[in-house]
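Participant: Any chance you could fold what I've pasted below:
(chains A and B)
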Amino acid sequence: MFDTLTDRFDGIFGRIRGKGKLSASDVDETLREIRLALLEADVNFEVVKGLVGRIRDRAVGDELSKALNPSQQIVKIVLDELTESLGGEAMTVSFAAKPPTIVLMAGLQGSGKTTNSAKLANLFKSQGRNPLLVGADLQRPAAVEQLRTLGAQLDVPVFSEPSDPVSVARAALDEAKRLGRDVIICDTAGRLAIDEALMEEVRQISEVLDPHYTFLVVDAMTGQDAVTVAENFHNTLALDGVILTKLDGDARGGAALSVKEVVGRPIAFASTGEKIDEFEVFHPDRLASRILGMGDIETLIEKAEAAYEEEEAEEAAQKLLEGTFTLDDFLQQMQQLKKMGPIGNLLGMMPGIPKEVRDVEIEDSQVNRLEAIIRSMTPEERTDPNIIDKSRRLRIANGSGMQPQDVSALVTQFNEMKKMMKQLGVGPKKPKRKGKGKGGKRGRRGGRTTAKGPAPMANPTAVMNEGMESLQGLRLPGLPED
Amino acid sequence: MDPVLLVVIIVGLLLVGGAGAFFLRSGRDHVPTLDPTTTDAADKAIDANAGPEAAVAVETEPSVSVEEDEPIVEAAPEPATFRGRLGKARSAMSGYLASVVGRGDANAETWEELEEALVRADVGVGPTMEILEAVRARADADKVTDGRAIIDLVKAELKDRLGGRDISLAEGGDPSVWLFVGVNGVGKTTTIGKIATREVAEGRNIVLAAGDTFRAAAAEQLTMWADRSGASVIRGGEGADPSSVIFDAVEHAAANDADVVLADTAGRLHTKTNLMNELSKVRRVAEKGAGTVTETLLVIDATTGQNGLIQAREFTQAADLTGVVLTKLDGSAKGGIVVAVQAELGIPVKLVGLGEGAHDLIEFDADEFVDALFE
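Facilitator: Just a heads-up that it's a prediction; the model follows:
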């Protein structure tokens, strides 16, 4: 239903190729596609208007007409603008000089305040802080029980009392002092932004707590209304940031862009799963690619960095490109991959993967089956799978508890892929982009804001995108045609 | 899954992952060390893979506890109405519509404004275009040019698309099972509480099944609703197999001559294949005993954007939806996504949630919904 923007633009530019110059109507058509893509990603209408206007200014200027590859150039422009709108930097939470640091959570019903209060507590705890969770949601049945259960899992104390939310907040301050906790995270009841009585209540809670950080919890699946909600909460509470939840689904999360654009506050954290530690500092540039359906290559690279041994990775990449990759290497790589997290999640981060494939959830147990097949092979077979004949195949199948045709499928596929990798390796691209990674992560990682470079992280993405494009050009066998 | 596809995927991943690390290596000297929190989180994320699933030791015999309480009689407030509730929300549409009406005869801008108005109500670009095309054709045929008349045509088109469906909740099982599904945080448990209140008030014997065994304190939340409404509740331990909890609830209902089992399920994102499979199983097992699943209702939050359509598609594939419950319509969100859901999948909206109170659940009325959309 929605291919990546790049695909769409390629279509448009394919038609006009040879014309040399983009006409006004070509640009209009492109902008229409951009607008559609953004609206389908739930970016607010007003925000889309502004964005498309800015993109138009750049696109009709020299920038586009001089570009050798206008479709990529325009994607880059769009990506730049989106990243800029989302706020170039990740937000860092600094702790108050005089503890406790107080955090207030607010949002609509069901956006994930309670769960994310606990996730935040977990994050602070891992940073060596001693958080106190405060249950000021006395409205939803069992909300406090939920918080207590989560608190017990984390070994973080939870304070609440059956009075009223404002009194709970007040008492929590004393409780934190008594227990010597240096961070207070106050969960509040979900409320509609237009419910005056409840908005007044949360304002009072905020007055009592005088929080250092007030976070609005926003569901990534929210539609056009996100802006109204954020505006109302911001007017009442003066937000400091946004926590974007349920990003592990396939919602494109355009609402986040709208919220950032309208209230001018950064998205601080993103929740990416139901488990308590599936919670991370938010990276704007990554969401930008996601809104455009372009994958999240940087998180993938980051995970790879954490899981891979540097030299092994280099060696593997080398082997891959040379075509001397064996099933043994494959096995090893699979294990590395598993260290990076569930394969299905990783796949979702890859750009240029057809939606049908991306949506297939791969269980690690399925990977285990592949592993079993390879493990049932002799070293010779792993080095040269072509020696596998009928009887060897049967032995391997029996050894791994799979069918003989599974074995041959694996071997055929492996050979195909190897061939392709080799083609890729001798292809036009050599990593002459040395030093592009320079400073790329400086701003985001370093805590204090230093001068920002001009969106340097676009580079690995570009490299990867090109890689994927050449891959697709080679027509992956076995991938469903789209 | 097809192992062929797997190999492709893994090698692809490998290429990107391996090559990614390879490329980055060249600039590594300049890359500051990873932020400890990020690394920690990533490490834990990996550890956590074995986490809760492992803990979900499937309890075949969940400790069944039956709780039956006297209903706490609430001062029955007047039932919610669309107009009363929605009136509060200042509509983003009103501006557009005033402009359309004020212009008198329609021009290109009129259509643009109508498009914006619908998209802003989360109807979605595709359905909006379709609707407006249909309206345009009709306006041309009938020689309608006045802005107000065109708005009426749009309303009529929407009502046409949304209305005329049987929205009663089906029964006929012995007992009937109504299953509630949806993504996290849309209001499944609350909806069940409200329906229980309504049905018990009508003198029916209702059993609640606490099939959300994942979220902390979900069963407690449902139990509180049971206490309030006077329904009984069957719950398993936390982490118990939801199928078995619901099965037990159906058995309990059959033994006690109950009319309907309202089965709660854990919120799940439609992208999680294993959780969607679990849901299919829940639906199958719910019919293993005496009961019949006569309704499978997708609960959708009115604030949901275009993702709602994908949700509906996936959930109906897993559990065969019979209807939609649109919740949180008392906020500023318009819930236009149900237009797309009904248009593409033909699944009607049956109920609408308009607040947190026990009586804030009413039957969907296409006319009122559309009128409210345009207020």
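Participant: use CA for all of it now, contacts and neighbours both
Facilitator: OK.
Participant: Nearest residue to the closest residue to chain B within the stretch 1-150 of chain A in space, ignoring adjacent ones along the chain?
Facilitator: Closest residue of the stretch 1-150 of chain A to chain B, C-alpha to the nearest C-alpha: A:Gly110 (3.7 Å). Nearest in space to A:Gly110, with sequence neighbours left out and distances taken as C-alpha to C-alpha, 6 or more residues apart in numbering or on different chains, is B:Gly185 at 3.7 Å.
Participant: And the pLDDT at that neighbour?
Facilitator: On the pLDDT scale, B:Gly185 is placed at 90.
Participant: So it: helix, strand or coil?
Facilitator: At B:Gly185, secondary structure determined by DSSP: H, G, I helix; E, B strand; the rest coil is coil.
Participant: what stretches of chain B score poorly on pLDDT?
Facilitator: Counting by pLDDT under 70, the ranges of chain B that qualify are B:1-92.
Participant: sorry, back to before: shouldn't the residue of the stretch 1-150 of chain A closest to chain B be within a strand?
Facilitator: No. Using three-state DSSP, the assignment for A:Gly110 is coil, not a strand.
Participant: which ones are touching A:Asp210?
Facilitator: A:Asp210 sits next to A:Ile102 when contact means C-alpha atoms under 8 Å, 6 or more residues apart in numbering or on different chains.
Participant: What are the phi and psi values at it?
Facilitator: Dihedral pair for A:Asp210: phi 50, psi 60, per degrees, to the nearest 10.
Participant: Please, where are all the strands along the stretch 151-300 of chain A?
Facilitator: Ranges of strands in the stretch 151-300 of chain A, per DSSP state E, counting those that start in this stretch, are A:158-159, A:183-188, A:213-219, A:241-245, A:267-271, A:279-281.
Participant: Now render the ones you listed as JSON lines, adding mean pLDDT and mean neighbour count.
Facilitator: Formatted as JSON lines, the strands of the stretch 151-300 of chain A follow (pLDDT from 0 to 100; neighbours: other C-alpha atoms under 10 Å in any protein chain shown):
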{"stretch": "strand A:158-159", "mean pLDDT": "96", "mean neighbour count": "23"}
{"stretch": "strand A:183-188", "mean pLDDT": "96", "mean neighbour count": "27"}
{"stretch": "strand A:213-219", "mean pLDDT": "95", "mean neighbour count": "27"}
{"stretch": "strand A:241-245", "mean pLDDT": "93", "mean neighbour count": "26"}
{"stretch": "strand A:267-271", "mean pLDDT": "91", "mean neighbour count": "25"}
{"stretch": "strand A:279-281", "mean pLDDT": "88", "mean neighbour count": "22"}
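Participant: Of those strands, which is nearest chain B?
Facilitator: Judging the strands of the stretch 151-300 of chain A by C-alpha to the nearest C-alpha, what sits closest to chain B is strand A:279-281, at 6.9 Å.
Participant: in its sheet, what does the closest one sit against?
Facilitator: Sheet pairing of strand A:279-281 (DSSP bridges) gives strand A:267-271 (antiparallel).
Participant: Not counting the partner strand itself, show me its contacts.
Facilitator: Applying C-alpha under 8 Å, 6+ apart, the contact partners of strand A:267-271 are A:86, A:90-92, A:116, A:241-248, A:256, A:260, A:278-282, A:284.
Participant: name the element B:Lys159 belongs to?
Facilitator: When elements are assigned from DSSP states H and E, B:Lys159 belongs to helix B:147-162.
Participant: What is that helix packed up against?
Facilitator: If you count contacts as 3 or more C-alpha pairs under 8 Å, 6 or more residues apart in numbering or on different chains; DSSP states H and E, helix B:147-162 packs onto helix B:93-103, helix B:125-142, helix B:337-345, helix B:366-373.
Participant: and if we set it to 6 Å?
Facilitator: Helix B:147-162 is packed against helix B:93-103, helix B:366-373, with contacts defined by 3 or more C-alpha pairs under 6 Å, 6 or more residues apart in numbering or on different chains; DSSP states H and E.
Participant: Might you calculate how far the first one sits from the centre of the chain?
Facilitator: Looking back up the chat, that one is helix B:93-103. The chain centroid and the centroid of helix B:93-103 are separated by 31 Å, computed with C-alpha atoms, centre = their mean, to the nearest Å.
Participant: Next: the last one.
Facilitator: Averaged C-alpha coordinates place helix B:366-373 at 19 Å from its chain's average position (C-alpha atoms, centre = their mean).
Participant: Contacts for that helix, please.
Facilitator: Applying C-alpha atoms under 6 Å, 6 or more residues apart in numbering or on different chains, the external contacts of helix B:366-373 come out as B:159, B:162-163.
Participant: Next, the angle helix B:147-162 makes with it.
Facilitator: Interaxial angle of helix B:366-373 relative to helix B:147-162 (axes from the mean of the first three to the mean of the last three C-alpha atoms, to 10 degrees): 140 degrees.
Participant: List the buried residues of helix B:366-373.
Facilitator: B:366-367, B:369-373 (16 or more other C-alpha atoms under 10 Å in any protein chain shown).
Participant: need these in TSV with distance to B:Ser232, can you?
Facilitator: TSV is the format used below for the buried residues of helix B:366-373 (distance: C-alpha to C-alpha, whole Å):
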residue	distance to B:Ser232
B:Ala366	33
B:Asp367	36
B:Phe369	33
B:Val370	37
B:Asp371	38
B:Ala372	36
B:Leu373	38
